[in-house]
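Visitor: got a predicted structure plus its sequence, pasted below:
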Amino acid sequence: MKYYLRRTLRIPATILAVATLTFGLIRLLPGGPFTQLRINLLQQGVPAEQVDARIEALQNIRPDAPLWQQYIDYIVGVFQLDLGQSISLGDPVVAVLARALPWTVFLVVTSTVLMFVIGVGIGALQAYWEGSRFDKTASGGSIFLMSVPYYIFAVLFLFFLGFQLGWFPTGDAAARSVEAGFTLPYLRTVLYHAVLPIAAFTIGGIGSTALNMRGNSIQVLGEEFVEVARLRGLSDNRIATSYVAKNAILPMYTGLLLQIGFRLGGTVVLEEIFSYPGLGYYLIQAVNANDYPLMMGCFLVITVTLVVAVYVADLTYGLIDPRIRAGDSNAY
């Protein structure tokens, strides 16, 4: 119980640390966070003496205040979910993030689940037929997939399947001619536009998952409880599913949740390649436009998602592995 309480209390502390780091790093960049906004306001005809007041109204930070006061204003805004207004888009940062995050989560969760299912299946077959031609071929293919970055597959898919053959769209998350809504035509166009990004992101992670599953399965096959199950006369199917597969997948569970968090940040290049309007796409746009409020918001969301993924992994791992639950109870 104390362990779970400590892990829960670490979440706001970690978010505070990340927000502090983001606040400091942004102010080390050339020009500072308010230069571009000052230029925009002056170009719009705002009198110079009113610029700081307009910045305070837009960003909830007083640019003429001491640094410590700016920091307090920013932290208060973070915990109030008020991250100011995007300089380049003119919309509240929270609204932009709320619009972009579902698309990124859709890509990340779908590709990660597909990667995990396919990789686990291939790795289990490799372990079952260890040393066979299939095992050697699959191991070589997995090493190749691990050595090639996912964005190489993304560029190849986009060039050949998108531009050359015209089989798939080359940008956007859905057809602009279809009205957004929970309808079959809209869902169909969403899936159609997501095929190439999901395929590229999935293929990029299958190799490592398959090799991890193969190694775990071979290790479990050598355990004494597997030999005891065989001596009891249990069928190969039951041994493979109830004993080998279940225990081989357990160590990969935490990695699965962590990958969802890490891959959320990895969509920056993927979404830029496919012009997919997710979190990574807006992060690149913010960097190019010196849109510091949007940039800080994207960094914060990506980090918080990773923190939550680690937290969920810690809380739920004991539910699926009784050994962890027993160890935790003995420790306290």
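Guide: That came through, no problem. Numbering: from 1, shown residues only.
Visitor: helices or strands up against the strand or helix carrying Ala100?
Guide: Taking DSSP states H and E as the criterion, Ala100 maps to helix 93-128. Here helix 93-128 touches helix 133-147, helix 184-221, helix 246-273, helix 279-288, helix 292-320, going by 3 or more CB pairs under 8 Å, 6 or more residues apart in numbering; DSSP states H and E. Placement of C-beta: from N, CA and C, glycine included.
Visitor: how far off centre is the longest one?
Guide: Helix 184-221 has its C-alpha centroid displaced from the chain centroid by 14 Å (CA atoms, centre = their mean, to the nearest Å).
Visitor: same deal with the third one?
Guide: Chain-centre distance of helix 246-273: 7 Å, with CA atoms, centre = their mean.
Visitor: if you count neighbours, what's buried in it?
Guide: 247-252, 254, 256-257, 259-268, 270-273 (16 or more other CB atoms under 10 Å).
Visitor: again, but for the first one
Guide: When neighbours are counted by 16+ other CB under 10 Å, the buried residues of helix 133-147 are found to be 135, 138-139, 142, 145-146.
Visitor: how about the second one?
Guide: By neighbour count, with 16+ other CB under 10 Å as the criterion, the buried positions of helix 184-221 are 189-190, 193-194, 196-214, 216-218, 220-221.
Visitor: CA atoms of the helix or strand encompassing Val155 as CSV?
Guide: In this assignment (DSSP H and E), Val155 forms part of helix 150-157. These are the backbone C-alpha positions of helix 150-157, laid out as CSV (Å, rounded to 0.1, in the frame of the first residue of the first chain):
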residue,chain,number,x,y,z
TYR,A,150,10.7,3.5,-38.8
TYR,A,151,10.8,6.7,-40.7
ILE,A,152,12.7,5.0,-43.5
PHE,A,153,9.7,2.7,-44.0
ALA,A,154,7.5,5.8,-43.8
VAL,A,155,9.3,7.6,-46.6
LEU,A,156,9.3,4.5,-48.8
PHE,A,157,5.6,3.8,-48.2
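Visitor: so what's the residue count around Leu107?
Guide: For Leu107, the count of nearby residues is 27 (other CB atoms under 10 Å).
Visitor: revised request: answer the last question for Gly222.
Guide: Neighbour number of Gly222 under other CB under 10 Å is 8.
Visitor: give me the phi and psi for it.
Guide: phi -90, psi 0 (degrees, to the nearest 10).
Visitor: find me the pLDDT at it, would you?
Guide: According to the prediction, Gly222 has pLDDT 74.
Visitor: any idea of the mean pLDDT in stretch 178-192?
Guide: 86.
Visitor: quick check: end-to-end length of it?
Guide: In stretch 178-192, first residue to last residue: 13 Å (CA to CA, to the nearest Å).
Visitor: which residues does it contact?
Guide: 168-169, 173-175 (CB atoms under 8 Å, 6 or more residues apart in numbering).
Visitor: what about the helix or strand containing Val76, average pLDDT?
Guide: Assessed by DSSP H and E, Val76 sits inside helix 67-79. Summarised as a single mean, pLDDT over helix 67-79 is 83.
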